[in-house]
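Visitor: okay, here's the prediction I keep looking at, along with the sequence it came from:
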Amino acid sequence: MPKQIRDLLRAEVQDGRFRLAEVDPAATPGLKSHKKALKDLPKHQAQLFELQERLYAEHKRTLLLVLQGMDTGGKDGTITHVIGHLNPQGVKITAFKQPTPEEKRHGFLWRIRRNLPATGQVGIFNRSHYEDVLVVRVHDLAPLNVIERRYDLINRFEKEVTKERTTVVKVCLHISYDEQRQRLIDRLKDPDKHWKFSEHDIEERAYWDDYQSAYSIAITRCSTSDAPWYVVPANDKTYRNWAVTRVLIESLREMDPHYPQPKLDVPRLVKRLRA
Ligand code: AMP
Ligand code: MG
């Protein structure tokens, strides 16, 4: 059995702390070369598709992929290039933006619960409940004691979801400060990408270190056996797609979903169809 990519990417909390700064955003753990990633691609996409089909047919469990990362980190690209190869009928994608006035009238997990995927589906959160301990922490959008309580609430929530037969896979797409600059410049150079450009992203760059620290705290506090965090170095988009695909394949293989096997009297049914 080849080495599990999840073991290479799982965030390790050492001496009570995880430090995002110690993960090289340009690394490619578990992958020998680009050539290998491109060669693996069709095979991996077929494997992922087949596993998703089984999950959907089995109709008993759910996989939830939580995607987090800095602006331009590749959340949208991962959804296009990895999730785009799944059967859309069994996929539910939710992007979490700044809370609406209605969402603000409820606890931070309200909108999350409302958007959980149904049985048999693969759910994708493009940003998530973690924003409420990330952007909210960086910009003091809530009192610190409220934020501090949220880590436990998140752990409790994820435990509860796991008990309801959902496998929670949390992926942090990790890019460097320079890579983000380059991606923002690329967006500016391509008029077709201007719609994605927000001057706000430049302002947020000033808080880079605060975000890295908020991520490190969230990953430290919320890496649980129920719902581990995987940190995917994401400067290299080919690696990112390869790694996320592998993490999903490994998670689904562990779930081992099965096609239902209803007892059918096949000869009789075929006869009926021929009649
Ligand atoms: P994007 O994902 O680029 O469309 O941007 C969505 C924006 O919504 C990001 O700037 C997030 O930080 C922000 N956002 C998401 N969730 C929250 C939240 N709970 N509180 C404040 N801002 C949020
Ligand atoms: Mg954005």
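Guide: In hand now; what should we look at? Ligands and ions are numbered 1, 2, ... in the order given.
Visitor: number of residues surrounding Phe96?
Guide: Using other C-beta atoms under 10 Å, Phe96 has 17 neighbouring residues. For every residue, glycine as well, the C-beta is placed using N, CA and C.
Visitor: what residues does this structure have near ligand 1?
Guide: Counting by C-beta under 6 Å from any ligand atom, the chain comes close to ligand 1 at 96-99, 127, 131-132, 135-136, 141.
Visitor: and the residues you listed, which are buried?
Guide: With neighbours counted by 16 or more other C-beta atoms under 10 Å, these contain buried members at 96, 99, 127, 131-132, 135-136.
Visitor: which stretches in the stretch 101-250 of the chain count as strands?
Guide: For the stretch 101-250 of the chain, the strands defined by DSSP state E, counting those that start in this stretch occupy 122-126, 166-174, 229-233.
Visitor: find the nearest non-adjacent residue to the residue in the chain that ligand 1 sits nearest to, please.
Guide: For the chain, the residue closest to ligand 1 is Glu131, as judged by C-beta to the nearest ligand atom, at 3.3 Å. In this structure, Glu131 finds its nearest non-sequential neighbour in Phe96, 6.1 Å apart by C-beta to C-beta, 6 or more residues apart in numbering.
Visitor: ok, Thr224 next?
Guide: Asn155 (5.7 Å).
Visitor: my guess is the one you found contacts Ser223. True?
Guide: No: using C-beta atoms under 8 Å, Asn155 is not in contact with Ser223, being 9.6 Å away.
Visitor: which ones among the residues of the chain next to ligand 1 lie within helices?
Guide: 135-136 (DSSP state H).
Visitor: columns pLDDT on top of the residues of the chain next to ligand 1, output as CSV?
Guide: Formatted as CSV, those follow (pLDDT from 0 to 100):
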residue, pLDDT
Phe96, 98
Lys97, 98
Gln98, 98
Pro99, 98
Arg127, 98
Glu131, 98
Asp132, 98
Val135, 98
Val136, 98
Leu141, 98
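Visitor: low-confidence stretches in the chain?
Guide: 1-2 (pLDDT under 70).
Visitor: for it, what's the longest helix?
Guide: The chain, longest helix under DSSP H: helix 34-58.
Visitor: elements contacting that helix?
Guide: Using 3 or more C-beta pairs under 8 Å, 6 or more residues apart in numbering; DSSP states H and E, the elements in contact with helix 34-58 are helix 237-255.
Visitor: tell me which residues in the helix it packs on are buried?
Guide: 239-252, 255.
Visitor: Lys170 reaches Thr224, doesn't it?
Guide: No: distance between Lys170 and Thr224: 9.7 Å, which falls outside the contact criterion (C-beta under 8 Å).
Visitor: picking that back up, output the strands of the stretch 101-250 of the chain as JSON lines; include the columns mean neighbour count.
Guide: Listed next are those as JSON lines, based on neighbours: other C-beta atoms under 10 Å:
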{"stretch": "strand 122-126", "mean neighbour count": "23"}
{"stretch": "strand 166-174", "mean neighbour count": "23"}
{"stretch": "strand 229-233", "mean neighbour count": "24"}
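Visitor: quick one: residues contacting Asp71.
Guide: Residues near Asp71 by C-beta atoms under 8 Å, 6 or more residues apart in numbering: 180, 198, 201, 204.
Visitor: closest to Gln121 out of the buried ones among the residues of the chain next to ligand 1?
Guide: Phe96 (17.3 Å; C-beta to C-beta).
Visitor: what comes into contact with stretch 115-131?
Guide: For stretch 115-131, using C-beta under 8 Å, 6+ apart, the contacting residues are 52, 55-68, 75-76, 79, 83, 86, 90-97, 108-109, 112, 154, 157, 161, 165-166, 170, 218, 222, 248.
Visitor: among these, name the buried ones.
Guide: Among these, those classed as buried by 16+ other C-beta under 10 Å are 52, 55-56, 58, 61-68, 75, 79, 83, 86, 90-94, 96, 108, 112, 154, 157, 161, 166, 170, 218, 222, 248.
Visitor: mind checking which of the residues you listed are in helices?
Guide: Among the buried ones among the contacts of stretch 115-131, the ones falling in helices (DSSP H) are 52, 55-56, 58, 75, 79, 112, 154, 157, 161, 218, 222, 248.
Visitor: all good on my end, thank you.
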